[in-house]
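[1] Predicted structure and sequence below. I'll ask about it afterward.
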Amino acid sequence: MKTENSEKKRMRIGVMVGNYHSDHPRRLVRLIWEFLSERDVDSRFYLGTESSSFLADIDAQGNKFDYQYSDFYNLSRFDDLDLLIVSIGTLSIYQSHITVDEFLSRMPEIPIILLDNDTELKNGAWLIADNYNGVVECVEHLIKVHGLKKLVFLGGPHGNRDAEERLRAYLDTMNRHGFIVTDQMIEHGDYSEHVDREVEKLLDNNPDAEGIVSANDEMAVAIYRVCRKRGLEPGRDIAVTGFDDTEVAKYMNPPLTTIKQDYDLLSRKAVDKAFAILDKKEVKSEMITSPMVCRASCGCEMKSDGKWDENDEIERDELIHNLWKSLDSRHESWIGSLLMREMLLETADRERFLEKLGMSLSYLGTSKSYVYLFDEPRKVKSGENPGLPKNLRLVMVQTGNDCTVYRREEAPLLDAGKGSGIPEAIPEGRFMSFFLFYEEYQYGTLNLEIEPERTEFFYMFSLEIGSSLRYLQISMQRARYHAELQALARHDNLTGLYNRLGLIGAVSGYMKQNEDRYFAAMMADLDHLKQINDTFGHNEGDNAIIRAAETLREAVGSLAPLGRTGGDEYMGIFTVVDEKDTDRVRAIVKAKCEEYNSVSGKPYFVEISLGFHIFRQEEYTELASVMDKADAKLYEAKKLRRPSVVR
């Protein structure tokens, strides 16, 4: 695969991950980033998250637009990729209205390493954790070791492959032991810790529940919280288990019994298989074992001394390090909020806004950033597939302290699958890509060369940029609307010519541009307009007015100020050398009228009477002074018009 600007380009791998607010996708990104950094390859990480669960309790309106991310991943076609690693399980929340096959059909026609799903691929391979046997082992443990019978299940999102397998394993194991499972014993969450309502419903419907099997660790956090509100202590009064073995699981109180996802192995295998495909080697799909990790939350005993084991000292140091990073992130967030306030002040000017954005990203320590915007925002509703845009452009490049902003007409245009022919439009390096949108409006993407641990902050920052772009959009719409109002105030609605006010301003500017020239003031009348209106109706009268305006415009040229200043009255100013120029205009008007009348089929003639007055610029004081003299000539010309325009 070659671009127009290079004989041999570096390989570029795309990584698609969703639900970035959760531990599972965050760890995938960090590990795949590390493994790709060991290779001489460019990368793009397309990151989506969701907000609907965070403010679900107050039904916040802004939480209803996470569906936009489904379209975001289509934009990977513009990045000239050689291979994609797709964590399809983490994307399921954005693609509820389409199947996995439909989603993959929108991707570039390149090899794909598919994570969290075993859909067979024409070109690529899949990697998936052994969700089924992991949950079977966990439920068997609760039944056989702890003697529990009433186990309820908190599942993941509908349509998610991992969630479906984990639910099936729970049902099969319970049925194998002769335990009846009712619909009231199962609820579905969104894999986040914001599932308190679902946990409440499970416990309300099953007050005798002995254990809750959670489809992932993050939802177990909500289980702990709700149980304690009800006076139930996890691990003592009710068993709780999770899935994934996230970083926080071992530090929960009590430590969480869970099923291990080997993120290191999964990420390493994904990268290895990717490079094997790029090296034209054969690869096979693979299922990775997910063993159970027993801790205190299921009822297993904790160590009697309550001390850390020999590895825990390292883990504790890592936890403290992460705490300090969290404090740094909080400081960064404060700075980011202040910078966004500064950017909002620039939403009246597109180029100035982009300059401010580049300066802000530089101040925040990004080594490189690229902003790509559509020529016009796209309005996309849930369930729609707007297809690929044809107008995605590179509008801003920030490198260190330097920032380049492209004007709208100069911004490089990207072509899906072909690049742009401009080297800097698709840069080399490792970038995190964020979608810029606000509610139903899509604006483009932000690509940043940052480390994975800074992703959370810049994700929030990208949402603020989307909000600012909405302000910019509204500001530009208002400016256009104001310009349209001004135009309406200065133009005649029927003909599009100037009205009297507009003509006065246009004449002043025209004369300044043509100093030391002679000018002709022209007065014109549409002959017998009242007769046309009275005999044939005002629609025919309007037709005659419009035709007269077109005829006069053709005669005096497109640059000359021309206005309709009354029902049948027109005024104009144009440069001349002598009277021959006014004779030429008179001849053109006569010829055009005759031409129209010969073919119009109208029961009346469209004819125009004209009067001219030639003057020098220094004679001009006001429009009326020269037009009065032209009007006197018009009065004489009107004596020669035909007595009736009826054929």
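    Alright, I've got the coordinates. Numbers count the residues shown, from 1 in each chain.
[2] got the phi/psi numbers for the residue sitting nearest the centre point of the chain?
    The centroid of the chain falls nearest to residue 442 when counting by C-alpha atoms, centre = their mean (3.0 Å). Phi and psi for residue 442, reported as degrees, to the nearest 10, are phi -110, psi 140.
[3] and the closest residue to it other than its chain neighbours, backbone torsions?
    In this structure, residue 442 finds its nearest non-sequential neighbour in residue 378, 4.4 Å apart by C-beta to C-beta, 6 or more residues apart in numbering. Where C-beta positions appear, they are placed from N, C-alpha and C, glycine not excepted. Per-residue torsions, residue 378: phi -100, psi 130 (degrees, to the nearest 10).
[4] Tell me who's in contact with the residue nearest to the centre of the chain.
    The contact partners of residue 442, taken as C-beta atoms under 8 Å, 6 or more residues apart in numbering, are 68, 71, 374, 377-380, 435-436.
[5] Which strand residues bridge residue 114?
    Beta-bridge partners recorded for residue 114 (DSSP bridges): residue 86, residue 126.
[6] Tell me, how many residues neighbour it?
    Burial of residue 114 is recorded as 25 neighbouring residues (other C-beta atoms under 10 Å).
[7] gap between it and residue 259?
    For residue 114, the distance to residue 259 (C-beta to C-beta, to the nearest Å) stands at 21 Å.
[8] same question, residue 645
    92 Å.
[9] Between these two, which has more neighbouring residues?
    More crowded of residue 645 and residue 259, by other C-beta under 10 Å: residue 259, with 28 against 22.
[10] host element of residue 44?
    strand 42-47 (DSSP states H and E).
[11] Would you pull up how far that strand lies from the middle of the chain?
    Mean-position distance between strand 42-47 and its chain equals 17 Å (C-alpha atoms, centre = their mean, to the nearest Å).
[12] follow-up on the earlier one: could you dump the contacts of residue 442 to a markdown table with neighbour count and secondary structure?
    Shown next, in a markdown table, are the contacts of residue 442 (neighbours: other C-beta atoms under 10 Å; DSSP: H, G, I helix; E, B strand; the rest coil):
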| residue | neighbour count | secondary structure |
| --- | --- | --- |
| 68 | 22 | helix |
| 71 | 21 | helix |
| 374 | 18 | strand |
| 377 | 21 | strand |
| 378 | 19 | strand |
| 379 | 11 | strand |
| 380 | 18 | coil |
| 435 | 23 | strand |
| 436 | 25 | strand |
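[13] Walk me through the domains of the protein.
    12-110+320-478, 131-298, 500-638 (automatic domain parsing).
[14] nearest to residue 490, of the ones you listed?
    domain 500-638 (3.0 Å; C-beta to C-beta).
[15] Averaged pLDDT, that closest one. What do you get?
    Averaging pLDDT along domain 500-638 yields 94.
[16] Can you measure across that domain, start residue to end residue?
    One end of domain 500-638 to the other measures 22 Å (C-alpha to C-alpha, to the nearest Å).
[17] re the thing from before, among the domains of the chain, show the one with the smallest mean pLDDT.
    domain 12-110+320-478 (a mean of 81).
[18] Can you point out the buried residues in stretch 489-509?
    490-492, 495, 497-500, 502-504, 506-507 (16 or more other C-beta atoms under 10 Å).
[19] if we can go back for a sec, and the contacts of residue 442, which is closest to residue 207?
    residue 68 (40.7 Å).
[20] If you drop the residues flanking it in sequence, what lies closest to residue 405?
    Using C-beta to C-beta, 6+ apart, the closest residue to residue 405 is residue 354 (4.5 Å).
[21] which stretch of helix or strand covers that neighbour?
    Element membership for residue 354 (DSSP H and E) is helix 350-363.
[22] Just the buried positions in that helix, please.
    Those would be 350, 353-362, for helix 350-363 by 16+ other C-beta under 10 Å.
[23] Quick check: the gap between residue 441 and residue 392.
    Residue 441 is 15 Å from residue 392, by C-beta to C-beta.
[24] Have a look at the two and say which one is more surrounded.
    Set residue 441 next to residue 392 and count neighbours by other C-beta under 10 Å: residue 392 wins out with 24 against 19.
[25] wait, the more buried one sits on residue 411?
    No. Using C-beta atoms under 8 Å, residue 392 is not in contact with residue 411, being 9.7 Å away.
[26] Name the residues contacting each of these two.
    residue 373.
[27] same for the helix holding residue 354, what does it pack against?
    helix 312-344, strand 368-379, strand 392-399, strand 402-405, helix 455-490 (3 or more C-beta pairs under 8 Å, 6 or more residues apart in numbering; DSSP states H and E).
[28] That helix to strand 392-399, inter-axis angle?
    Orientation check (axes from the mean of the first three to the mean of the last three C-alpha atoms, to 10 degrees): helix 350-363 against strand 392-399 gives 40 degrees.
[29] Now do the contacts for residue 361.
    Residue 361 neighbours (C-beta under 8 Å, 6+ apart): 369, 398, 448.
[30] for the stretch 151-300 of the chain, what spans make up the strands?
    For the stretch 151-300 of the chain, strands defined by DSSP state E, counting those that start in this stretch occupy the ranges 151-155, 186-188, 211-214, 239-241, 258-259, 286-288, 292-293.
[31] now the ones you listed in JSON lines, with distance to residue 102?
    Shown next, in JSON lines, are these (distance: least, C-beta to C-beta, whole Å):
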{"stretch": "strand 151-155", "distance to residue 102": "23"}
{"stretch": "strand 186-188", "distance to residue 102": "22"}
{"stretch": "strand 211-214", "distance to residue 102": "30"}
{"stretch": "strand 239-241", "distance to residue 102": "34"}
{"stretch": "strand 258-259", "distance to residue 102": "30"}
{"stretch": "strand 286-288", "distance to residue 102": "24"}
{"stretch": "strand 292-293", "distance to residue 102": "35"}
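[32] Those: which one's closest to residue 542?
    strand 186-188 (64.0 Å).
[33] List the buried residues in the closest one.
    Buried-residue list, strand 186-188, by 16+ other C-beta under 10 Å: 186-188.
[34] just stretch 222-235 next, same as before
    Buried-residue list, stretch 222-235, by 16+ other C-beta under 10 Å: 222-224, 226-227, 232, 234-235.
[35] now these as TSV including distance to residue 540?
    Below are those laid out as TSV (distance: C-beta to C-beta, whole Å):
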residue	distance to residue 540
222	75
223	79
224	82
226	78
227	83
232	86
234	86
235	90
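[36] Out of the residues you listed, flag the one nearest to residue 560.
    residue 222 (74.3 Å).
[37] For that closest one, give me its contacts.
    Per C-beta under 8 Å, 6+ apart, neighbours of residue 222: 189, 193-196, 198-199.
[38] For residue 43, state which of these is nearest.
    Using C-beta to C-beta, those come closest to residue 43 at residue 193, 29.3 Å.
[39] Excluding its own residues, what touches stretch 482-501? List them.
    502, 505-506, 542, 545-546, 549, 553, 561-565, 570-571.
[40] let me redo that: stretch 159-170
    So stretch 159-170 is in contact with 88-89, 92-93, 95-96, 100, 116-118, 128-129, 131-136, 139, 151, 153, 155-157, 181, 186, 188, 191, 213, 215, 243, going by C-beta under 8 Å, 6+ apart.
[41] Likewise for stretch 630-641?
    521-525, 527-528, 571, 607, 609-613.
[42] next one: stretch 560-570
    492, 494-495, 497-500, 502-503, 506-507, 510, 522-526, 529-530, 545, 548-549, 552-553, 556, 571-575, 608.
[43] how about 6 Å then?
    If you take C-beta atoms under 6 Å, 6 or more residues apart in numbering as the criterion, stretch 560-570 is touched by 492, 495, 497-498, 500, 503, 506-507, 510, 524-526, 529, 552-553, 556, 571-574.
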